[in-house]
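**Student:** let me see the structure of the following:
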Amino acid sequence: MTRLLRALASLSFAAGVAAVALPGTAAAAAETAHLTKTQHLAAIPNSGMPRSCTERHLYLREGRYDWGLRMNSTTRSTRPNLELGSGWYTWDTCLKPEYGYYIQTSVLDPDTPGWADAITSTTWTIHSSTTYTWGTFLDPHF
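**Tutor:** Next comes the predicted model:
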């Protein structure tokens, strides 16, 4: 019986620690969201090359976000202090080759009827043909 009580006490303690260690929805919502793709890119692209895209569906809390784009470790905050409403969004980002550079766009398309899409973009010039991780991020201000 004593063994059983000790086992239950240990289990209760472990469950309590696990519950405290797991992030709640509020903490998870305040973390920076990322949408990235890793692929080989040409140093001298041309407009005949295919466009590359990735997307995800995510829920965002109401508030202000810094929205930006990235190429490897270089980031650009292209829409600082963007105000978004609570809801589900389809979030995509695309990289379109042009002559000597890339145009990157990202769109937040809200599922809520009547809400407008939010769009941001930038251009990138890269100096070597190799594998890059590019994408977009949303950094909440709450």
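**Student:** what's the closest non-adjacent residue to His127?
**Tutor:** Of all residues not flanking His127 in the chain, Ala43 sits nearest, at 6.0 Å (Cβ to Cβ, 6 or more residues apart in numbering). The C-beta positions use only the backbone N, C-alpha and C, and glycine is treated the same way.
**Student:** surely that neighbour and Trp124 touch.
**Tutor:** No. Ala43 is not in contact with Trp124 according to Cβ atoms under 8 Å; the separation is 11.2 Å.
**Student:** more neighbours, those two?
**Tutor:** Between Ala43 and Trp124, Trp124 has the larger neighbour count (other Cβ atoms under 10 Å), namely 19 against 11.
**Student:** residue contacts, the more buried one?
**Tutor:** By Cβ atoms under 8 Å, 6 or more residues apart in numbering, the contact set of Trp124 is Met71, Leu95, Tyr101, Tyr102, Gln104, Trp134.
**Student:** how much space between Leu108 and Phe137?
**Tutor:** 12 Å (Cβ to Cβ, to the nearest Å).
**Student:** only whichever of the contacts of Trp124 are buried, select them in PyMOL.
**Tutor:** Buried members of the contacts of Trp124, defined by 16 or more other Cβ atoms under 10 Å, are picked up in PyMOL with:
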select buried, resi 71+95+102+104+134
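**Student:** which of the contacts of Trp124 sits closest to Thr78?
**Tutor:** The closest of the contacts of Trp124 to Thr78 turns out to be Gln104 (Cβ to Cβ; 9.3 Å).
**Student:** give me the secondary structure label for that closest one.
**Tutor:** Classification of Gln104 by DSSP: H, G, I helix; E, B strand; the rest coil places it in strand.
**Student:** cool, thanks, talk later.
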